[in-house]
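One predicted model, sequence on top.
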Amino acid sequence: MKSRQPAHGLASAVDYQSTKVMLHKDNKMGVVSVSLTDKLPLSVKELISGGVAGALAKTSVAPLERLKILYQTRRGLFQGLVVVGSLGHIKKEEGFRSFYRGNGVSVLRIVPYAGFQFMAYEQYRRWMLEYHPAANGPLVELAAGGLAGGSAVLLTYPLDLARTRLAYQASDVVRRQMQVQGNKGFELDTRITEYHIKGTIPPFKGTFDGLIKVMETQGWRQLFAGMSLNYMKLIPSVAIGFTVYDGMKSWLRVPPRTKKQSKEQSTPPV
């Protein structure tokens, strides 16, 4: 007696969220939910995941980022106040929405940065392991993380320039303080901003307006002015971050996510 062969591709039905693939095996019907995102390339999934993670992370700390800027520009208003008291003062004087002032521009910059960074890290890591399978270990993560951070900075640096210039030109206090006492004591981000806007560039009305004005007045190379300072700060940070992340996954024995595991979890017993 011949054994029955499983039939393939019997039917499919599409709803708003997923495609239901009907499978036939040994006269039993099973339904497997296949997400529409399964059709996306792996690199696109990594890009989306990193972008969403970056946007949520940036938005979650937006109040503290706002407080940091105000500490630098209006220090006298917050003397004697701890962080919680300072946040309460801002809410009372300017309202809750002021915590997220400028966050839109930050998210516009961080989404492509974080998305590309995560995608680039995974891709660089795959390439290294493909050509040097025996090189798996912390050095691979360190190298892939450094390359990913450098690539992401190169891609999004002009947007970062516009963001920092918009934040900087909103208050002349920082610039006056730097003229009097130099840039000592200011964070690296603020010193990079000072380096960005030396010269005679008209005030920015918005992100893309600012990018156009920089190119018209100082040329496209000015869009990347001070990038070497950013590399000094970000590349080691990103490289170490990814290395520790993968190291902790290994130490905690987090199993790798494979297609086989995904199918086993999604396929009901028949």
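Thanks, I have the structure now. Numbering: from 1, shown residues only.

make it CA atoms for all contacts and neighbour counts henceforth
Will do.

low-confidence ranges in the stretch 1-150 of the chain?
Residue ranges of the stretch 1-150 of the chain with pLDDT under 70: 1-36, 71-82.

Would you state the helices of it in chain order?
Counting by DSSP state H, counting those that start in this stretch, the stretch 1-150 of the chain has helices at residues 42-60, 62-73, 83-94, 103-131, 138-169.

Now the fourth one: buried residues?
For helix 103-131, the buried set under the neighbour-count rule, 16 or more other C-alpha atoms under 10 Å, comprises 103, 105-125, 128.

before we move on, back to that, can you say which of the helices of the stretch 1-150 of the chain is nearest to residue 222?
Of all the helices of the stretch 1-150 of the chain, helix 138-169 sits nearest to residue 222, with 8.9 Å by C-alpha to C-alpha.

Return the set of buried residues in that closest one.
Of the residues in helix 138-169, 140-153, 156-166, 168 count as buried by neighbour count, 16+ other C-alpha under 10 Å.

Then stretch 218-232?
222, 223, 224, 225, 226, 227, 230, 231.

One more: stretch 232-243?
Neighbour counts using 16+ other C-alpha under 10 Å place 234, 235, 236, 238, 239, 240, 241, 242, 243 of stretch 232-243 among the buried residues.

ok so, going back, between the helices of the stretch 1-150 of the chain, which gets nearest to residue 211?
Closest approach to residue 211 among the helices of the stretch 1-150 of the chain is made by helix 138-169 (6.6 Å; C-alpha to C-alpha).

Counting by contacts, list what the closest one packs against.
Packing partners of helix 138-169 (3 or more C-alpha pairs under 8 Å, 6 or more residues apart in numbering; DSSP states H and E): helix 103-131, helix 188-196, helix 207-218, helix 227-251.

Mind putting these into JSON lines with distance to residue 92?
As requested, the helices and strands packed on helix 138-169 are exported to JSON lines (distance: least, C-alpha to C-alpha, whole Å):
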{"stretch": "helix 103-131", "distance to residue 92": "19"}
{"stretch": "helix 188-196", "distance to residue 92": "27"}
{"stretch": "helix 207-218", "distance to residue 92": "29"}
{"stretch": "helix 227-251", "distance to residue 92": "35"}
